[in-house]
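Chemist: after the sequence you'll find the predicted model.
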Amino acid sequence: MVKHTSKEEILRLLDQVFDPEIPTLTIREMGMLRGVEISEEGKVTIRFTPTYSGCPATDLIKVDIKAVLQENGIEAFEIIDVLSPPWTTDDFTEEARKKLRDNGIAPPVQATSDKSFVLDSPKTVPCPYCQSENTELLSNFGTTACKALYRCKSCLQPFDYFKCH
Amino acid sequence: MENNLYLYLLQLGDNALILGQRLCEWTGVAAELEIDLALSNIALDLLGQSNQWYEYAAEIKGENSSPDTLAFFREAHEFRNVQLVELPNGNFADTIIRSVIFDTFHQLLYEELTRSSDARIGSIAARAIKEINYHIRYSRNWTLRLGDGTQESHKKAQNALGRIWDYAFEALTPGPIDRWAFKNGIGPDLDALRPVWLNRMEKLFEQATLEIPAPGFIDRKGKSEGIHTEHLGYILAEMQSLQRTHPGLEW
């Protein structure tokens, strides 16, 4: 038996799937969800784009998608990887950026089309806690592949910075 | 004869996998936490890249192959990586010099691959190039710090360059598969990339006050014939032991 569902219902369910490394952001807010289609027979196709090549969260996210669909009685579905165009932090919504800040992670400060982000350290990264611009880079590589480590020189709080990608 | 595209994908995947595996050896033992994080993260990116090349290669090969069977069930002579990436980590300067030589090549190669006539290769490269741009920033900065640093760091960096430089050219010298890829618009003309790469290397090492030695033996055949240094066998013995003992084991 195939259960017929609407696209809105699927999107609502997928909004329960979070990035396990940034558990305040859903995969939709992260820009990993590229589309949902439902065929006339009721088969659900989910287009998904991975972030970093080596991000260990990718497999877990797919497991989570499967789980949330199956728990809600949806059995006929497939998840298709979309590689092009590649995922980029430019796709973050303003809401996603605010959520990152609220959770102590500074969002990417410039667009990836800006060459300076690969050639030199990024411009000023404001502290997500006190908004001070008096911050310093501690390490270009941080707790996960997508983050660098900064410290605020005003409130002395170390914080993660989500790298431009 | 094996499929040329399959062999080209192995060259790409094996370079990333073996260097990634090498860099993982620093996890937990690097001199500073920041170095530990950096090398482990770079390794993770490389493993992810190899996984994407292997997925494509496995589809071409068929016969129930998968990224795991390609990584864990091939013998050393079936690996198509350049000998450079299998060299031991040595000290930190050895690791950095090996990385900066490879990263400079890797960046040039992937920039070209984003324009590949094979759309899937292009899209994998488009994602990976952003990671490689980040890696090279790290290895270049450390090359400058070590080379133009203290007497001791300069000495170690110079020794590293002296030992490793002979292995640099293999990646930039076209083998039959590279020529096939160029002819079909899949990959770049390595003969054209080599002077660009060499120019970048010369500028960097000059700035780092390091002297490039005269090239010695450069006719290496890791990527074209699977002829490797003795080191690759030891890497595989460690990397493959779990899957060879318990085939198909999963988390």
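Modeler: Nice, I can see it.
Chemist: for chain A, give the residue positioned nearest to chain B.
Modeler: residue A:54 (2.6 Å; Cβ to the nearest Cβ). (Glycine included, C-beta is placed from N, CA and C.)
Chemist: contacts only, for that residue.
Modeler: Counting by Cβ atoms under 8 Å, 6 or more residues apart in numbering or on different chains, residue A:54 makes contact with A:145, B:44-49, B:51, B:131.
Chemist: what's around residue B:103, how many residues?
Modeler: Close neighbours of residue B:103, defined as other Cβ atoms under 10 Å in any protein chain shown, add up to 23.
Chemist: before we move on, back to that, out of the contacts of residue A:54, which is nearest to residue A:165?
Modeler: Nearest to residue A:165 among the contacts of residue A:54, counting by Cβ to Cβ, is residue B:131 at 8.1 Å.
Chemist: next, count neighbours for the closest residue to the residue of chain A closest to chain B other than its chain neighbours.
Modeler: Nearest residue to residue A:54 in three dimensions, chain neighbours excluded: residue B:48, at 2.6 Å (Cβ to Cβ, 6 or more residues apart in numbering or on different chains). Residue B:48: 23 surrounding residues under other Cβ under 10 Å.
Chemist: isn't residue B:48 right up against residue A:55?
Modeler: Yes. Taking Cβ atoms under 8 Å as the definition, residue B:48 is a contact partner of residue A:55 at 6.7 Å.
Chemist: output the contacting helices and strands for the lengthiest helix in chain A.
Modeler: Assignment by DSSP state H gives helix A:57-71 as the longest helix of chain A. Using 3 or more Cβ pairs under 8 Å, 6 or more residues apart in numbering or on different chains; DSSP states H and E, the elements in contact with helix A:57-71 are helix A:7-14, strand A:18-19, strand A:44-48, strand A:77-81.
Chemist: anything in the host helix or strand of residue B:123 near chain A?
Modeler: Residue B:123 belongs to helix B:119-147 when assigned by DSSP states H and E. Yes. Remark: helix B:119-147 sits within contact range of chain A at B:119-120, B:122-124, B:126-128, B:130-131, B:133-134, B:137-138, by Cβ under 8 Å from any Cβ of the partner chain.
Chemist: so how far is chain A from the residue lying farthest from the centre of chain B?
Modeler: Seen from the C-alpha centroid of chain B, the residue lying at the greatest distance (Cα atoms, centre = their mean) is residue B:151, 29.2 Å away. With distances taken as Cβ to the nearest Cβ, to the nearest Å, residue B:151 is found 27 Å from chain A.
Chemist: so for that residue, what's the pLDDT?
Modeler: With respect to pLDDT, residue B:151 scores 97.
Chemist: likewise residue A:21?
Modeler: At residue A:21, the model reports a pLDDT of 81.
Chemist: now residue A:85, nearest residue through space, not along the chain?
Modeler: Closest to residue A:85 by Cβ to Cβ, 6+ apart is residue B:126, at 7.3 Å.
Chemist: quick one: contacts for that neighbour?
Modeler: Residues near residue B:126 by Cβ under 8 Å, 6+ apart: A:84-86, B:114.
Chemist: can we see that at 7 Å?
Modeler: Contacts for residue B:126 (Cβ atoms under 7 Å, 6 or more residues apart in numbering or on different chains) come out as A:84, A:86, B:114.
Chemist: with residue A:125 instead?
Modeler: Residue A:125 sits in contact with A:106, A:109, A:135, A:150, A:161, where contact means Cβ under 7 Å, 6+ apart.
Chemist: let me see the contact set for the fourth one.
Modeler: By Cβ under 7 Å, 6+ apart, the residues touching residue A:150 are A:106, A:125, A:135-138, A:159, A:161.
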